[in-house]
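>>> sequence first, predicted coordinates after that:
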Amino acid sequence: MTTEATDPHAALPARPVDPARFTDERLYAHTRLPVELASTLLPDAYTSPEFFALEREKVFADGWVAVACTAEVDRPGACTVVQVAGRSVIVTRNRDGELRAFHNVCRHRATALLAPDAAHVGRGERIRCPYHAWAYDLDGACLGTPLFEGSDIPAGQEAIFDTSPARAFDRADHGLLPVAVDSWGFLVFVNLAADPAPLVEHLGDLPERFAGYRLEQWLPRRRRSYDVAANYKLVGENFMEYYHLPWVHPELSRVSKFSDHYRWQGPGMYTGMCTTPVSGNGDAGGWDGLAPVEGLTGSDADSGRFVWLFPSTAISVLPNHAFVLFNRPVGPARTVETAVILAHPDSVAGPDGEDGLDQLEKFWDLVNRQDLEIVQRVQEGIANPAYRGGRMCFRFEEPLHRFQNMVVDRMVGARRVPGGDAETATRMLPEV
Ligand code: FES
Ligand SMILES: [Fe+2]
């Protein structure tokens with residue numbers, strides 16, 4: 001007698017999977033099952049260059065992606081240059097203070113207009129191409145095309161710059177290529193799709209859940225980046241479960257007790273959990289150190305909120321600070337992570353503000369390095385074709401199931417915003 005017939009592992013698709021099947025619903029049947037029965041997303045989704053290329057278009061180039069903090073574009077002409085789905089995008093504000101985003105591509109011969117580290121668009125609040133000096137305003141309108149239309153021709157050189165063959169050229173047709181942009185709280189989002197659904201649909205009930213925090217007033221205080229040898233989805237899946245807490249994070253377990261965790265998940269393109277209440281600092285630090293934002297009531301005043309916002313942003317909000325991870329996939333097994341600590345101005349106003357931030361930065365760095373180390377080991381294991389997928393722990397990994405099904409939806413062309421639990425916070429451990 002063989003065991004193959006009943007071995008659920010053998011029933012999962014053998015690897016490598018033909019990339020032509022990556023958009024076929026049937027390939028994901030095991031992940032589509034209810035969480036109590038489901039197996040994890042196809043391992044090739046974490047290793048295959050073909051999957052990565054498709055995912056870039058279907059997930060990252062066709063939906064809202066958080067790319068920056070609102071404070072980076074806090075006035076007309078201030079800008080940030082971000083990478084989304086392999087495209088460089090300029091985010092700025094126009095003269096009326098409205099957010100604007102454009103592909104970082106000159107309409108003449110495609111030069112990248114701004115450098116990756118640009119923080120302001122340039123003199124006169126104009127975006128000027130470094131190649132032939134075409135210039136654009138903060139709404140993307142093309143303002144000038146030197147020596148092209150005839151307007152800037154030096155006296156006496158008319159013959160050299162005769163542009164009469166350039167008929168049917170109207171600057172109005174050559175403005176910057178726009179990108180949809182919006183914000184919520186302290187986050188700026190862009191959407192590369194031509195006609196995107198409103199951001200509020202993506203956010204679901206998050207604006208309501210976070211209404212008491214006044215997140216739009218919080219400012220970035222510390223920033224560092226991590227180069228991660230793992231797929232961005234592994235970073236996310238690790239963030240959205242606390243199953244690993246006792247083994248990976250002995251220090252974090254002190255301040256965010258395993259038994260104080262709840263699922264915190266309503267409708268929206270996100271997964272969520274919370275710790276209520278959070279505990280005071282342990283020997284290795286914790287989340288104390290800054291003053292809590294005023295006006296928090298109920299469980300907001302003593303909880304940690306942990307939201308993975310699809311597709312690639314982690315948001316941890318405590319009463320006195322937030323820790324955000326912007327994860328940018330750069331390859332099937334490589335992610336660049338930008339970590340930002342934010343706080344409300346009142347939280348850092350006291351004489352101990354900087355010390356508090358130092359302490360938080362040290363603690364988050366410790367926790368994040370623990371996460372990244374284990375996530376990189378998952379990447380190592382998942383590359384082995386002997387592994388075809390594993391069972392999810394129904395109690396703790398429902399958010400992974402929810403997230404993986406969001407990814408599958410996009411891969412197969414379905415647009416759906418998941419619903420959530422009836423209760424605001426759902427206890428996943430049996431009461432003892
Ligand atoms: S490529 Fe930008 S002005 Fe020519
Ligand atoms: Fe963790």
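Ah, there it is. Ligands and ions are numbered 1, 2, ... in the order given.
>>> could you use CA atoms for every contact and neighbour count after this?
Fine.
>>> those helices in the chain, which residues are they?
Shown for the chain, the helices assigned by DSSP state H span residues 8-11, 29-32, 49-55, 199-203, 206-209, 232-239, 245-248, 250-255, 353-382, 398-412.
>>> do you know which of the ones you listed lies nearest ligand 1?
helix 49-55 (27.4 Å; CA to the nearest ligand atom).
>>> what comes up buried for the closest one?
Under the neighbour-count criterion of 16 or more other CA atoms under 10 Å, helix 49-55 has Glu50, Phe51, Phe52, Leu54, Glu55 buried.
>>> the third one and Asn238: what is the separation?
The reference is to Phe52. Distance, Phe52 to Asn238, by CA to CA, to the nearest Å: 19 Å.
>>> and for the first one?
In this structure, Glu50 and Asn238 are 23 Å apart, going by CA to CA.
>>> can you check the second one too?
Spatial separation of Phe51 from Asn238 under the definition CA to CA is 20 Å.
>>> also the last one?
Taking CA to CA as the criterion, Glu55 is separated from Asn238 by 19 Å.
>>> ok, now Ala141?
In terms of CA to CA, Ala141 sits 44 Å off from Asn238.
>>> got the residues of the stretch 151-300 of the chain near ligand 1?
Residues of the stretch 151-300 of the chain lying close to ligand 1 (CA under 6 Å from any ligand atom): none.
>>> pLDDT weak spots in the stretch 151-300 of the chain?
The stretch 151-300 of the chain contains residues with pLDDT under 70 at 151-154, 157-166.
>>> any idea where the strands of it begin and end?
With strands called from DSSP state E, counting those that start in this stretch, the stretch 151-300 of the chain shows them at 178-184, 187-191, 219-228, 261-263, 270-275.
>>> the first one packs against which elements?
Identification of packing neighbours for strand 178-184 by 3 or more CA pairs under 8 Å, 6 or more residues apart in numbering; DSSP states H and E yields strand 99-103, strand 187-191.
>>> by how many degrees do that strand and strand 99-103 diverge?
Between strand 178-184 and strand 99-103, the angle comes out at 140 degrees (axes from the mean of the first three to the mean of the last three CA atoms, to 10 degrees).
>>> mind listing the strands strand 178-184 pairs with, and their directions?
Sheet pairing of strand 178-184 (DSSP bridges) gives strand 99-103 (antiparallel), strand 187-191 (antiparallel).
>>> could I get those strands as TSV with mean neighbour count?
Conversion of the strands paired with strand 178-184 to TSV gives the following (neighbours: other CA atoms under 10 Å):
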stretch	mean neighbour count
strand 99-103	24
strand 187-191	23
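>>> using CSV, lay out those together with distance to Tyr131.
Listed next are the strands paired with strand 178-184 as CSV, based on distance: least, CA to CA, whole Å:
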stretch, distance to Tyr131
strand 99-103, 17
strand 187-191, 27
